[in-house]
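**Student:** here is the input, now give the coordinates:
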Amino acid sequence: MDFASIEKKWQERWFSREIYKAKKEKGRKFFIHFAYPGISGYLHVGHMRGFTYADIIARYMRMKGYDVIFPAGFHATGLPAVSLAKKVARKDEATLQYLRQNGCPEEIIERLADPLEVVKFFSKVYVEEYWKKFGFLIDYTRLMDTISPGYKKFIQWQFRKLNEKGLLIQKPHFAPFCPNCGPVAVDRSETDISEGGDAEILEFIVIKFKYNGKILPAATLRPETIFGVTNMWVNDEVEYIIAKIGNEEWILSEKAVKKLKYQLDEVEVIGKIHGKELVGKKCIAPIINKEIPILPAKFVSPDIATGIVMSVPAHAPYDYVALRDLGMPVEPIVIIKIQGYEIPAKEIVEKMGIKNQTEYEKLEEATEIIYKEEFHKGIMNENCKEYEGMKVNEAKEEIKNDLLLTNQAIIMREFSKRVVCRCGEEVVIKKIPDQWFIKYSDEELTEKSKEWVKNMNIYPKDYKEELPKILEWYGDRACIRQGSWLGTPFPFDEKWVIEPISDSTLYPAYYIISKYVNEGKINVEEMNDDFFDYVFLGKGEAKNEIWEEIRKEFDYWYPVDINLGGKEHKTVHFPVFIMNHVAIMPQKYWPKGIFVNWWITQKAGAKISKSKGGAEPIPDAVERYGVDAMRLYYAHIGSPFVDIEWDAEAVENYKKRIIKLWELFEKLIGLEGEVKKIDEWLKNAFNEKLKEANEAMKEFELRKAANALFFEMFNAFEWYLKRGGENKELIRKILEKWIRAITPFTPHIAEEMWEKLGNKGFVSLESYPMEEEIDYEVLKAEEVLKETIDDMQEIIKVTKIKPNKIYLYFAPSWKWELAEIAYKLHKEGNLNMKNLMQEAKKLNVDMKEASQYASKLLQEIRKEEFVKINEKEYFESAKEFLEKEFNAEFIFDADYDPKGKKKYAMPYKPAIYME
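**Tutor:** Here you go, the predicted structure:
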């Protein structure tokens, strides 16, 4: 099957006819967009999952009779394009190879040393090679990027509005910083970085221990444990730096010096000292004013904090094991009372069987266990002076503040894990004294946003429950950066650039304007605050007819009905998307919905990444599997709300499924026959599956809908053929509806089928079918027939009998009556043996037999509605089929019953005898 030709044919027709354009025709609208991708190079098959969901939903809503606007753009802000351009400029071999492997022409590669060329080139790739090749009906007249002059004007207007409302503030800030590229954003979207998106900024308390006129700075996350210090740890294989910090001389690792230069005002290297020279010496601990020895430990990393660690063996498993390994006669000092422990570190180490310092995983686990127990349940004991009796979580803050106030400690910021910029440089944390923030901590804004979430349609539902807590947690966010960033100049100080998350909150509103900019109907010069106030807020007067037209467009299309994005946006983009709309826009324009999709991962759950490998190029995948197979894979392989491993074999199976669908379609349209009893079943089976699909799509449960339409309906068609169905008129009627139903998922093959049926125009523009009334008696009767066939086949398999005659015995009327009563009692919640037997007495039947049947009913009763059917009549109508299927004579409800099978017959389960 030539998928490529079919795809090309229909894409050319769709795009030449511009059926993707948003048009105001039907009086009800649906606005959907996906989180626009960052421009960082070629995308991969993982990205296409969320994009595909958006197109399926947009197509479905268009067919449901909505005017659909489905715009898209490019997030060019920040470092990604800059980083790629720098790598190209310095002829980084891995980058050049990556570009060539993805088919980038040599003449283009040369141009990509310019970040603006990166944005221009990859924007075109995303449209022509990805979105259009997947058949996405994006409104391509509205394409925009975040570094265009008009968009910058829009963002500056947004920030002036935030400032008017008192939501821009200035204060010192410690921010991620790349020594090469300048400030970077560290979050799960990994827009600016290639590693460490989930890193947190930790605040180490660096406590000053005095040593020979100098300072040994021990970094800790637990300052309250100072009272239990027994010794100091250094790594005796490391050469330390002597640095002048302020008016003090500190001994610390070389890496610590590099980090602190970004966080403190005065750091000057004045000498070196080897760790071996420190071992065996003594230093003085602050607060307790106690002399303690300096000892060697391999677990002390020069890369973490200061490279010097204080030892608290009673409460730190690492310290206890290190002292035990050294054989040092150091007595642990217990400072925290906690139920179940006397010397916590000692006891957890022994319990977990930790043998030495090299068992890092076990030591980390032990440390975590003790820390949680002590932090939440511990009380400071009598060794802690004036802090005795305080809860550990309170004492920690109190002691930290006291150490800082008395200049016996400073704060050092450090990432919880390694963070690497897209340029390859390790990211540090830098102090910015005059940083601007968006004040997301504003109480009124937070409460309004939390309250608004209740009105939103959010998928999955558990994210709707999480979101108010995330909004509550969301603090002030640094919104500007300095450096070689692409983006919008900060309107109050243009040496700063607005960072990527802060310029991507109100952006769906700009899609309304972008069409007019792209068509040259409005120029950037007239896009001032008066223009934006009029269009978005309805304030002031229109300068011309175009302003009026844009205002009407905005008022019609807004608000956003679905903002779709990956799970990395749950705590990054979606909260600020809501809060900025609440802060600036009138309430009627606040967002209506969010759809979060999970990731396509590599094997073992690792995120697919361009920079880390494992990313199958999209054009290669399209050529290998076909677009509709990939679309069906994304929709059906799993819930949108779980991570899915990219599985080439599975995608290949979806390709085979599309081929089978086409082959079945051709077989069905070739039927030339008469009306048969099975026709009624097919009609009702189709309506049942269509109903399931419609109900699933109301909640955008794409997998459930796809399963009903592509798999269960496929089986229904095949069963119809097996049962001898051949009604041409019925098949055409059902196929026309079925093709319309599958169109949002697999539009290319659907259009091809639609045309082959002789229809004109696009099935993509037809209405989505609604189910007709369903006759559940017919469905139930055929279900019983199928199950009875399965039972008979199992008997033949087990007994190895080759029957000449098969006797089927159907349940007597009293069993049907009792079953109906049982279902009624079950529905009311009153089904039990006592109640059922009371009803059985009224039926005037053998009570022993009734009791036996009642017991089975209690065990086997189903949740669905009771449907009474005439089993004998239905099986009579299928007799010819059954006799052909089993090559045996079928006799129904005969008096002949040599094995006494008849009494076992139950509703929905005929008794069987073969000979």
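
**Student:** my guess is residue 677 contacts residue 878. True?
**Tutor:** Yes. Taking CB atoms under 8 Å as the definition, residue 677 is a contact partner of residue 878 at 7.4 Å. Glycine gets a C-beta too; all of them are placed from N, C-alpha and C.

**Student:** between the two, which one's more packed in?
**Tutor:** residue 878 (20 against 17; other CB atoms under 10 Å).

**Student:** hmm, that one is touching residue 784, no?
**Tutor:** No. In this structure, residue 878 is not within contact of residue 784 by CB under 8 Å, at 10.5 Å.

**Student:** apart from its neighbours in sequence, what residue is nearest residue 877?
**Tutor:** residue 677 (4.6 Å; CB to CB, 6 or more residues apart in numbering).

**Student:** check residue 876 too.
**Tutor:** Nearest residue to residue 876, sequence neighbours excluded (CB to CB, 6+ apart): residue 892, at 6.5 Å.

**Student:** which ones are touching that neighbour?
**Tutor:** 807-810, 872, 875-876, 879 (CB atoms under 8 Å, 6 or more residues apart in numbering).

**Student:** hey, which helix or strand in the chain has the poorest pLDDT?
**Tutor:** Taking mean pLDDT, DSSP states H and E as the measure, the helix or strand of the chain with the lowest value is strand 182-183, at a mean of 82.

**Student:** which residues sit against that one?
**Tutor:** Strand 182-183 has contacts (CB under 8 Å, 6+ apart) with 79, 175-177, 430, 432, 481-485, 499.

**Student:** partners of that strand, with directions?
**Tutor:** Pairing partners of strand 182-183, with direction, according to DSSP bridges: strand 168-178 (antiparallel).

**Student:** tell me where the stretch 251-400 of the chain has strands.
**Tutor:** Taking DSSP state E, counting those that start in this stretch to define them, one finds strands in the stretch 251-400 of the chain at 267-274, 282-285, 290-296, 309-311, 336-337, 379-380.

**Student:** repeat for the stretch 401-550 of the chain
**Tutor:** 409-415, 420-421, 428-438, 457-459, 477-478, 480-481, 497-498.

**Student:** okay, those strands, which one's buried deepest?
**Tutor:** Mean neighbour count (mean count of other CB atoms under 10 Å) peaks for strand 480-481 among the strands of the stretch 401-550 of the chain, with a mean of 28.

**Student:** how much space between the residue nearest to residue 877 and residue 789?
**Tutor:** Using CB to CB, to the nearest Å, one gets 16 Å for the distance from residue 677 to residue 789.

**Student:** do I have it right that residue 246 meets residue 266?
**Tutor:** Yes. The criterion here is CB under 8 Å, and residue 246 meets it with residue 266 at 5.6 Å.

**Student:** endpoint to endpoint, stretch 559-569 covers what distance?
**Tutor:** Using CA to CA, to the nearest Å, one end of stretch 559-569 lies 20 Å from the other.

**Student:** meant to ask about stretch 902-915
**Tutor:** Counting by CA to CA, you get 15 Å between the two ends of stretch 902-915.

**Student:** any idea of the mean pLDDT in it?
**Tutor:** Stretch 902-915 shows a mean pLDDT of 95.

**Student:** if you count residues, where's the longest helix of this protein?
**Tutor:** Looking across the chain with DSSP state H, the single longest helix is helix 776-799.

**Student:** ok, and for that helix, which residues are buried?
**Tutor:** Under the neighbour-count criterion of 16 or more other CB atoms under 10 Å, helix 776-799 has 778-785, 788, 792, 795-796 buried.

**Student:** pLDDT below threshold where in the stretch 601-750 of the chain?
**Tutor:** 604-615 (pLDDT under 70).

**Student:** helices of that one, start to end?
**Tutor:** 618-625, 627-636, 648-669, 677-698, 702-706, 713-722, 728-742, 747-756 (DSSP state H, counting those that start in this stretch).

**Student:** could you do the stretch 51-200 of the chain as well?
**Tutor:** Under DSSP H, counting those that start in this stretch, the stretch 51-200 of the chain gives helices at 80-89, 93-101, 106-111, 115-125, 149-164.
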